[in-house]
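**Q** fold the following and give me the result.
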Amino acid sequence: MKSSTFTTFASFATLVAAQNVTVPTTCGNYTAGSDEVLYTVPYTYDQVISIIGNYSNLTWSGSPENSVTLNGTDDTVGTARTYSLSGTTIIETILNYSKPAAPGPYYEVHNTAKLTIAGDSLFIPYDGTTVTSVCDGKASMFNFTAHFCATNVSFSAATLHMLHLGDAVTVGKFLGGKNFTNCAALGASNSSGPMNQTGATTGTASGSTSGSPAAYTPGSGAGLSSQAGWWSAAVGVVGALLML
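**A** Numbering: from 1, shown residues only. Next comes the predicted model:
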């Protein structure tokens, strides 16, 4: 019994130490990059927040239910979450969090500790998600903005782009799978509409669009393997979801 208790405590202590890792705010010897995804779903702010509004729940981003571990209180600045995505351990700590009632906006910013994907090392000092109510409250626009540091900037930007776009598409699928066209189609004024949506193949990193992202199936937790074929696979997955 004592041995089992000690093992459990040791495992917990190791996890807490890992979650308390410090993420630099400057890139140092890494190269700075950024990416932005804009995507609108024809569902209300409250509907979207019902899916994404808990920091400990990443089912919409490919992690099984109850697979995310926190070292503090949910939805609280300073709390880190740890989860595994296809064998890669990811640690993200909340820097800013605001979840007001409709019409919002919802605003969540976290950082991401250093990780390596197929030889590319990166960390993310700023990874922000904003959800804004548009179309007179009948639709919601996602804005995923990441400022990161990497050894392969174009690859990291393209990978983050496809991951974030896949997340937004998955939220829409969870809520019923309808596609957004314009505000008028929802019986709202187009003047209340969102900015132009990000295309499925757009990846930006310091002016570059040549990166090839890791293949990732939104909502499944699959992906993050070798670079070969990642770009076509990821674009195909998200493109197929957009067509459903």
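
**Q** contacts, neighbours, all on C-alpha from now
**A** Will do.

**Q** tell me the centre residue of this protein?
**A** With distances taken as Cα atoms, centre = their mean, H164 lies nearest the centre of the chain, 4.7 Å away.

**Q** go through the helix or strand harbouring that one and flag the buried ones.
**A** Using DSSP states H and E, H164 sits in helix 153-174. Buried residues in helix 153-174, counted by 16 or more other Cα atoms under 10 Å: 153-173.

**Q** may I have the top strand by length along the chain exported as CSV, CA atoms only?
**A** Secondary structure assigned by DSSP state E gives strand 120-134 as the longest strand of the chain. Extracted in CSV, the C-alpha atoms of strand 120-134 (Å, rounded to 0.1, in the frame of the first residue of the first chain):
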residue,chain,number,x,y,z
ASP,A,120,10.9,21.0,-36.0
SER,A,121,11.2,22.5,-32.5
LEU,A,122,8.8,25.2,-31.5
PHE,A,123,7.2,27.0,-28.6
ILE,A,124,4.3,29.5,-28.5
PRO,A,125,4.4,32.5,-26.3
TYR,A,126,0.9,33.6,-27.5
ASP,A,127,-1.9,31.4,-28.8
GLY,A,128,-5.2,33.3,-28.6
THR,A,129,-8.7,32.3,-29.4
THR,A,130,-11.5,34.9,-29.8
VAL,A,131,-15.1,34.2,-30.5
THR,A,132,-17.2,37.2,-31.6
SER,A,133,-21.0,37.2,-32.1
VAL,A,134,-21.9,38.4,-35.7
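
**Q** over it, what's the mean pLDDT, rounded is fine.
**A** Here strand 120-134 scores 96 as its mean pLDDT.
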